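A.B. asks: When you get a sec, could you give me coordinates for this:
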Amino acid sequence: MENDRAHSAEEIVRGLRCWGGLTTPCKSESGDCYYIAHGWPVHCRETACNDAAALIEAQAAEIGELRGRVAELEGITFWAQNRYLKEQLAGLEAQLEEMTNRNDENLGMCRIWERRYVELQAQLTASREETRAARNELCLKCGRYHEAHKGACDGCRWTKGDKDE
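C.D. replies: Below is the predicted model of the structure:
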């Protein structure tokens, strides 16, 4: 072969288009066939076809490698995202469980405090009733019981606003 240099993909495609189906070399825009213009023998269709086959094989191999890498990257990305989302979900579920437990504890504490509040309210009401009854009894003893129902007894120290001393 007169020209052993490697040809670019564009040169190979141009040569195939020029030689495809012809028995005689074609004329390019510059006058001669691209391959002839660049020093190829007149009947070099076999060389052009071999170059095309080599180019196709090289590109097919490169495409296969790239597809493998893309699939690998997609797989890594998919599994990494999947793992990340699972970790996030597990964290959120743990947080929800903790909040539920805390809410249950808080609800239990609220119910305890509510019962205690009701008990204290009952004790306070009972204590007020006892105080009122004791005041009335003392006011009755001093003789001014009619005024005791109005809230004060001038005859003793047990007035409505005073506390037990």
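A.B. asks: From here on, just use CA atoms for contacts and neighbour counts.
C.D. replies: Fine.
A.B. asks: Now do the helix or strand where residue 84 lies: which elements does it pack against?
C.D. replies: If you go by DSSP states H and E, residue 84 is part of helix 45-142. On a contact count with 3 or more Cα pairs under 8 Å, 6 or more residues apart in numbering; DSSP states H and E, helix 45-142 meets helix 9-19, helix 145-148.
A.B. asks: For those, which has the smallest mean pLDDT value?
C.D. replies: Lowest mean pLDDT of the helices and strands packed on helix 45-142: helix 145-148, a mean of 58.
A.B. asks: For the helix holding residue 84, give the mean pLDDT please.
C.D. replies: The average of the pLDDT scores along helix 45-142 is 84.
A.B. asks: Residue 56: neighbour count?
C.D. replies: Residue 56 has 13 neighbouring residues, counting by other Cα atoms under 10 Å.
A.B. asks: Please apply the same query to residue 139.
C.D. replies: 24.
A.B. asks: same deal with residue 62?
C.D. replies: 12.
A.B. asks: same check, this time on residue 66
C.D. replies: By the measure other Cα under 10 Å, the count of residues near residue 66 is 12.
A.B. asks: So it versus residue 87, what's the distance?
C.D. replies: Counting by Cα to Cα, to the nearest Å, the separation of residue 66 from residue 87 is 31 Å.
A.B. asks: repeat for residue 106
C.D. replies: In terms of Cα to Cα, residue 106 sits 28 Å off from residue 87.
A.B. asks: Give me the buried stretch members for stretch 86-106, please.
C.D. replies: Counting neighbours by 16 or more other Cα atoms under 10 Å, one finds that stretch 86-106 has no buried residues.
A.B. asks: Now stretch 99-113 - C-alpha only, CSV.
C.D. replies: Only the C-alpha atoms of stretch 99-113 are listed here, as CSV (Å, rounded to 0.1, in the frame of the first residue of the first chain):
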residue,chain,number,x,y,z
MET,A,99,-41.7,11.1,69.4
THR,A,100,-44.6,8.6,69.7
ASN,A,101,-43.0,7.2,72.9
ARG,A,102,-42.5,10.7,74.2
ASN,A,103,-46.0,11.7,73.4
ASP,A,104,-47.3,8.6,75.1
GLU,A,105,-45.2,9.4,78.2
ASN,A,106,-46.4,13.1,78.0
LEU,A,107,-50.0,12.0,77.6
GLY,A,108,-49.6,9.7,80.6
MET,A,109,-48.0,12.5,82.6
CYS,A,110,-50.8,14.9,81.5
ARG,A,111,-53.4,12.4,82.7
ILE,A,112,-51.6,12.0,86.0
TRP,A,113,-51.4,15.8,86.4
